[in-house]
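Participant: Provided below for reference: sequence and predicted model.
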Amino acid sequence: MAEQQVAEGPKKPPAWLKTLTRPVELLGELSMFTGSSTAAIFTRPYRFGLLFGQLEFMAYGSMFVVGLTGLFTGMVLALQTVYAFGLFNAQSLVGATVELSLARELAPIFTCIVIVARVGSAVATELGTMRVTEQIDAIETMAVDPLNYLVVPRIVAAAIAAPILTMLFNAIALFGAYMIAVWAKDLSPGTFLNRIQALVQVKDLTSGLGKSVVIGFVVTVIACYRGYRAEGGARGVGIATTQAVVGGLIAIFFIDYIYTAVSLYGPQDSTGGLG
């Protein structure tokens with residue numbers, strides 16, 4: 001009887017159980033990877049050359065896409081706001097409404113979507129290719145920490161580039177909104193700008209910048225994790241890139257809600273904003 005039990009071996013868990021446990025395992029692996037990568041930031045050597053190279057790719061290389069996206073976002077937002085507020089004669093609030101929407105939500109979210117689409121996919125593909133071609137294994141063989149060498153410059157550069165690109169997005173989008181509201185819809189330029197100065201506070205701008213830092217860091221960590229753990233040749237790299245983009249987009253909206261809920265928790269100052 002004992003020999004028969006040994007021959008049978010342990011029973012495999014049912015397939016439906018794996019579907020439930022895999023997200024938990026993935027979250028745990030990602031948390032451990034994030035912790036190890038964050039600890040590696042403060043570990044010598046500090047690779048400033050690699051950091052500046054990644055900053056050039058992420059910040060300077062994304063300026064055109066972010067600027068173009070911001071321009072049309074501001075123009076469309078102003079067009080819709082002028083039309084909607086014109087229904088109850090509140091065109092004087094167009095400038096402040098547009099800027100509050102940009103500063104709090106649209107600028108950081110749209111900027112991080114661009115980062116996921118352009119930077120996250122590139123990071124996952126690059127690290128995934130290095131993994132399946134055993135370049136990361138070669139780095140470990142040379143006694144070099146691959147997290148410190150490959151991951152840290154990318155996540156730190158993303159945390160720095162995200163608020164810079166968010167400010168660029170905000171400025172260009174506001175210019176686009178000004179063009180539509182003032183030049184195309186004949187709104188008073190003084191009213192447009194004075195309402196912004198009166199109703200938009202510094203905390204509205206800093207809240208969006210802080211949100212972009214957190215989201216930029218997280219989505220780049222997800223992209224690095226997917227690429228770092230890629231397997232299965234060229235097909236595996238493609239799957240890792242897709243998972244990095246999809247996971248980054250989900251993380252953007254999840255973090256956006258949590259960050260906004262925390263930042264708006266408690267009594268609000270009635271002197272600023274639109275309500």
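Facilitator: In hand now; what should we look at?
Participant: quick check: closest non-adjacent residue to Ile220.
Facilitator: Rather than Ile, residue 220 is Thr. Ala158 (3.7 Å; CB to CB, 6 or more residues apart in numbering). Every residue, glycine included, has its C-beta placed from N, CA and C.
Participant: tell me which element that neighbour is part of?
Facilitator: Assessed by DSSP states H and E, Ala158 sits inside helix 152-178.
Participant: who does that helix touch, helix- and strand-wise?
Facilitator: helix 15-41, helix 48-55, helix 63-86, helix 94-101, helix 107-115, helix 202-228 (3 or more CB pairs under 8 Å, 6 or more residues apart in numbering; DSSP states H and E).
Participant: need these in a markdown table (columns: mean pLDDT, distance to Asp137 and mean neighbour count).
Facilitator: Converted to a markdown table, the helices and strands packed on helix 152-178 look like this (pLDDT from 0 to 100; distance: least, CB to CB, whole Å; neighbours: other CB atoms under 10 Å):
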| stretch | mean pLDDT | distance to Asp137 | mean neighbour count |
| --- | --- | --- | --- |
| helix 15-41 | 83 | 17 | 12 |
| helix 48-55 | 93 | 19 | 15 |
| helix 63-86 | 92 | 34 | 18 |
| helix 94-101 | 90 | 48 | 25 |
| helix 107-115 | 94 | 29 | 26 |
| helix 202-228 | 93 | 12 | 23 |
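Participant: so which of those is nearest Pro146?
Facilitator: helix 202-228 (7.7 Å; CB to CB).
Participant: so how far is the closest one off the chain centroid?
Facilitator: On the basis of CA atoms, centre = their mean, to the nearest Å, helix 202-228 sits 5 Å off its chain's mean C-alpha point.
Participant: can you name the next helix or strand after it?
Facilitator: Sequence-wise, the next helix or strand downstream of helix 202-228 (DSSP H and E) is helix 233-263.
Participant: any idea which element the nearest residue to Ala230 once chain neighbours are set aside lies in?
Facilitator: Counting by CB to CB, 6+ apart, Gly128 is the residue found nearest to Ala230 once chain neighbours are left out, at 3.4 Å. Taking DSSP H and E as the criterion, Gly128 maps to helix 121-132.
Participant: that helix to helix 48-55, inter-axis angle?
Facilitator: Counting by axes from the mean of the first three to the mean of the last three CA atoms, to 10 degrees, helix 121-132 lies at 130 degrees to helix 48-55.
Participant: one step back: and the residue nearest to Ala230, how many neighbours?
Facilitator: 28 (other CB atoms under 10 Å).
Participant: do the same with the one 3 residues further on
Facilitator: Here the number of neighbours of Arg131 (other CB under 10 Å) works out to 21.
Participant: for it, what are its contacts?
Facilitator: By CB atoms under 8 Å, 6 or more residues apart in numbering, the residues touching Arg131 are 227-231.
Participant: and the gap between it and Phe85?
Facilitator: Distance of Arg131 to Phe85, given as CB to CB, to the nearest Å: 52 Å.
Participant: out of the contacts of Arg131, who's nearest Val98?
Facilitator: Scanning the contacts of Arg131 for proximity to Val98, where the rule is CB to CB, the winner is Gly227, at 37.4 Å.
Participant: I figured that closest one was touching Ser121, is that so?
Facilitator: No. At 9.7 Å, Gly227 and Ser121 do not qualify as touching, with contact defined as CB atoms under 8 Å.
Participant: about what we covered before: give the buried residues for the helix holding Ala158.
Facilitator: Of the residues in helix 152-178, those buried by neighbour count under the rule 16 or more other CB atoms under 10 Å are 152-170, 172-174, 176-178.
Participant: phi, psi for Val144 please.
Facilitator: phi -110, psi 130 (degrees, to the nearest 10).
Participant: so what's it scoring on pLDDT?
Facilitator: With respect to pLDDT, Val144 scores 88.
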